[in-house]
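A.B. asks: any chance you could fold what I've pasted below:
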Amino acid sequence: MELTAYLSQIPWEMWILGALSLSIGWGIRGNFGHEIGAAMPGALASMAIVIMSGRPDWWQRIHYFAMFGAIGWSFGGSMSYMQVVSYTHSGHSLTIFYGFANLFVIGFLWSAPGGIAIAMPAILTSDQLKLFFFPFLVVFIGWALQQFFVDLFFHRHPMQRHESPLYWYDTDWLDVLIAMIAVLIVVIMRGGFDFSTSLILHMGVGWYVAFLVLVNLLKLRMTPPRGDNWSGCVGIVLGALVFCFRNGLEQVALAILLTGIVGGIGFASGQQIKLLFIKTGLQTNWHSILEQIQGFLFGIALVAGVGTLSILTPRITAATDLPVWTHIFAVVFVLVIITYLNHRKAAGTWIEQVESLPEKFFGLPTVGLFLRSKGFFGWFEIIYVSVGIAFILILTAHTKNPIDLIPESWLGRSQLLYLVFLWWIVTFNFERALTGFSPHRLVTEGVITFNAIIATILMALKPSPAKEIVPLFINCVTWLMDIAFYGTVITLVIITIFWLLTRIVFSDHPIAYSGLHIRFGPERTATKAKPKPGERHP
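C.D. replies: The predicted structure follows:
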């Protein structure tokens, strides 16, 4: 059977709720940014796909899917892409083509790690899956210590970050190094490599190899002088693919390529749709519309990759047979840690925009960010730590004696987790915008809220029964080759069409709603020179 036939068997509810969920999360991400912002759509869309899969074994792992989805989708948040968007507005022919081509690259590199991560709880046995949690914990502790000590000894204003001795093409090289060291500590403690540590190190080594070769050796800069984390993301994907083929995980490679290619096309398509809307002459927050369209198309990509696995991968036996602490850790990670790391930015916005709100109450900062430069521990942290303790106590009690608050069925639990996370992030997103709210915010917070209502209705509907499982391995290699070949051809055709359409509609005129950025030629604005001390980082 052809791959397209399997795609057609994915339930329509999964397509809609998965795409709508990532659109909601992506619209919210735009207000928070970076890796921690990108974690929200990853978690939300993963849960939507699981709920609509109709698979009880996946429902039993809903919290693991959410956690892995958040982590996988967060990697792309390290990439700088607004300058690439601006390239398509430039009116300069070669720069426009370059812009659309790199929007595909960024979209691919954002989507593919999401496919990698979400495939893990979909295919792994409980014995394999549980191996990831201790390395995750050690890595998170390492990153927390890194943030504290970098702030303590190398604190710089974000716009002067290039003055730090740790600045290296504005990349996350230190974060990756800390993660690799943390995993190597786990390797030593365990007496050797295992499935989890090997995968993480494949991705980490891949990050460094790609960064050193593409940027440092070949001097390839996508958006100079902006950051070059895109090169590291290339290495993450290549490292993961190497790991898959070394370990017979062709089905994961399938999810990587399918999610990545569809995601790349979707990311570029969202920008083309926005440009055509701008041509209408209507005045609104077009960037927010771009983000929500891109999120919807990203959701389509994730459903294509992971939804296919829901049909092609065998049932997981003993899906919940993992240590109790991993269940609690996954739920707390999604509902408390991810939300805290984003919600705290709302508190910072309130302080900036509300004159009557002081930076400190009774000697404690409003928000301390666990950083010495911000006061370390503030009222916001007191509240969130209390919430975290409450979750841990409630979930621990539930493992010993089930409480009525948590549904007995795994579908009910899945729906509850989705619902709580959805409205939690929708609410604090509105909170952040509230102090500076204006009519043009309706296309952001208004649309997000209405979409959340629709998602709530869809989530509450009973999903279609799971499709019959069909073994994947017979056609897998052929499918991988077809996806790579036809995906490349289709991508080149689509990018050319977008370039040609933009030239026809706008000619050589710069397009509104963006700063002027030109990549090539005598009028180029791009410079590979490092920003000078005292200047603001672009």
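A.B. asks: centroid-nearest residue for this structure?
C.D. replies: Trp73 (2.5 Å; CA atoms, centre = their mean).
A.B. asks: A helix includes that one, no?
C.D. replies: Yes. The assignment for Trp73 by DSSP: H, G, I helix; E, B strand; the rest coil puts it in a helix.
A.B. asks: what comes up buried for the helix or strand of the chain with the lowest mean pLDDT?
C.D. replies: Every helix and strand in the chain was compared by mean pLDDT, DSSP states H and E; the lowest is helix 3-7, with a mean of 78. Within helix 3-7, the residues scored as buried using 16 or more other CB atoms under 10 Å are 3, 6. For every residue, glycine as well, the C-beta is placed using N, CA and C.
A.B. asks: please name the residues that touch the residue nearest to the centre of the chain.
C.D. replies: With contact set as CB atoms under 8 Å, 6 or more residues apart in numbering, Trp73 has these partners: 38-39, 41-43, 45, 110, 113-114, 117.
A.B. asks: okay, now the unreliable bits of this structure?
C.D. replies: 1, 466-475 (pLDDT under 70).
A.B. asks: and the strands in it, which stretches?
C.D. replies: 360-361, 364-365 (DSSP state E).
A.B. asks: which of those sits closest to Ser86?
C.D. replies: strand 364-365 (35.9 Å; CB to CB).
A.B. asks: paired strands for the closest one, with orientation please.
C.D. replies: Using DSSP bridges, the strands paired with strand 364-365 are strand 360-361 (antiparallel).
A.B. asks: help me confirm that Ala19 comes into contact with Ile293.
C.D. replies: No. The criterion here is CB atoms under 8 Å, and Ala19 misses it with Ile293 at 10.4 Å.
A.B. asks: so Ile316 makes contact with Thr125?
C.D. replies: Yes. Under the criterion of CB under 8 Å, Ile316 makes contact with Thr125 at 7.2 Å.
A.B. asks: neighbour count winner among the two?
C.D. replies: Comparing Ile316 with Thr125 by other CB atoms under 10 Å, the one with more neighbours is Ile316, at 21 against 13.
A.B. asks: got phi/psi on the more buried one?
C.D. replies: Per-residue torsions, Ile316: phi -90, psi 120 (degrees, to the nearest 10).
A.B. asks: from Ala304, how far out is it?
C.D. replies: 21 Å (CB to CB, to the nearest Å).
A.B. asks: can you check Pro522 too?
C.D. replies: Pro522 is 43 Å from Ala304, by CB to CB.
A.B. asks: more neighbours: which of those two?
C.D. replies: A count of neighbours by other CB under 10 Å puts Ala304 above the other of Pro522 and Ala304, at 23 against 5.
A.B. asks: distance check, that one against Ser8.
C.D. replies: 11 Å.
A.B. asks: same question for Leu276.
C.D. replies: Distance from Leu276 to Ser8, by CB to CB: 29 Å.
A.B. asks: Serialize the strands of the chain to a markdown table and add fields for mean neighbour count and distance to Trp379.
C.D. replies: A markdown table is the format used below for the strands of the chain (neighbours: other CB atoms under 10 Å; distance: least, CB to CB, whole Å):
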| stretch | mean neighbour count | distance to Trp379 |
| --- | --- | --- |
| strand 360-361 | 12 | 6 |
| strand 364-365 | 18 | 6 |
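A.B. asks: ok, which of those comes nearest Tyr64?
C.D. replies: Of all these, strand 364-365 comes closest under CB to CB, at 34.8 Å.
A.B. asks: name the residues that touch the closest one?
C.D. replies: Contacts for strand 364-365 (CB under 8 Å, 6+ apart): 359, 374-375, 377-379, 382.
A.B. asks: export these to CSV and tack on neighbour count and distance to Phe329?
C.D. replies: Shown next, in CSV, are those (neighbours: other CB atoms under 10 Å; distance: CB to CB, whole Å):
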residue, neighbour count, distance to Phe329
Glu359, 14, 33
Lys374, 18, 26
Gly375, 18, 28
Phe377, 16, 22
Gly378, 22, 25
Trp379, 16, 26
Ile382, 12, 22
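A.B. asks: nearest to Ile494, of those?
C.D. replies: Lys374 (44.8 Å).
A.B. asks: and that closest one, how far from Leu201?
C.D. replies: On the measure of CB to CB, Lys374 and Leu201 end up 33 Å apart.
A.B. asks: Pro358 contacts Val367, doesn't it?
C.D. replies: No. Assessed by CB under 8 Å, Pro358 is found out of contact with Val367, at 12.0 Å.
A.B. asks: of those two, which one has the most company?
C.D. replies: Val367 (25 against 11).
A.B. asks: ok, Val387 touching Val336?
C.D. replies: Yes. Using CB under 8 Å, Val387 is in contact with Val336, at 6.0 Å.
A.B. asks: neighbour count winner among those two?
C.D. replies: Ranked by neighbour count (other CB under 10 Å), Val387 and Val336 place Val336 first, with 20 against 15.
A.B. asks: next up, the contacts around that one.
C.D. replies: 384, 387-388, 391.
A.B. asks: what's the neighbour count on Ser269?
C.D. replies: Neighbours around Ser269, by other CB under 10 Å: 19.
A.B. asks: from Leu290, how far off is it?
C.D. replies: 11 Å.
A.B. asks: Thr502 too?
C.D. replies: From Thr502 to Leu290 the distance is 14 Å (CB to CB).
A.B. asks: ditto for Arg432
C.D. replies: 19 Å.
A.B. asks: more crowded one of these two?
C.D. replies: Using other CB under 10 Å, the more surrounded residue of Arg432 and Leu290 is Leu290, with 24 against 21.
A.B. asks: go ahead and confirm that one touches Leu276.
C.D. replies: No. Between Leu290 and Leu276 there is no contact under CB under 8 Å: 11.4 Å.
A.B. asks: now Ser126. Nearest residue, chain neighbours left out?
C.D. replies: Spatial nearest neighbour of Ser126, excluding adjacent residues (CB to CB, 6 or more residues apart in numbering): Asp321 at 4.2 Å.
A.B. asks: burial count for that neighbour?
C.D. replies: 13.
A.B. asks: next, it: phi, psi?
C.D. replies: phi -80, psi 60.
A.B. asks: I'd say it and Gln128 touch.
C.D. replies: No. With contacts counted by CB under 8 Å, Asp321 stays clear of Gln128, the gap being 11.5 Å.
A.B. asks: gap between Cys136 and Phe506?
C.D. replies: Careful, residue 136 is Phe and not Cys. 47 Å.
A.B. asks: of these two, which one has the most company?
C.D. replies: For Phe136 versus Phe506, neighbours defined as other CB under 10 Å are more numerous around Phe136 (22 against 19).
A.B. asks: so who does the nearest residue to Gln160 once chain neighbours are set aside touch?
C.D. replies: Nearest in space to Gln160, with sequence neighbours left out and distances taken as CB to CB, 6+ apart, is His537 at 6.8 Å. Applying CB under 8 Å, 6+ apart, we find His537 in contact with 158-162, 170, 225, 531.
A.B. asks: try it again with 7 Å
C.D. replies: By CB atoms under 7 Å, 6 or more residues apart in numbering, the residues touching His537 are 159-162, 531.
A.B. asks: likewise for Thr171?
C.D. replies: Contacts of Thr171 by CB under 7 Å, 6+ apart are 211, 227-229, 232.
A.B. asks: please apply the same query to Leu109.
C.D. replies: By CB under 7 Å, 6+ apart, the neighbours of Leu109 are 76, 79, 230, 233-234, 237.
A.B. asks: repeat for Gly436
C.D. replies: Counting by CB under 7 Å, 6+ apart, Gly436 has contacts Gln353.
A.B. asks: follow-up on the earlier one: would you turn the contacts of His537 into CSV with neighbour count?
C.D. replies: Shown next, in CSV, are the contacts of His537 (neighbours: other CB atoms under 10 Å):
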residue, neighbour count
Met159, 12
Gln160, 15
Arg161, 15
His162, 18
Pro531, 18
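A.B. asks: same list (those) but as a markdown table, adding distance to Ile181.
C.D. replies: Below are those laid out as a markdown table (distance: CB to CB, whole Å):
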| residue | distance to Ile181 |
| --- | --- |
| Met159 | 29 |
| Gln160 | 27 |
| Arg161 | 22 |
| His162 | 25 |
| Pro531 | 29 |
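A.B. asks: all set now, cheers.
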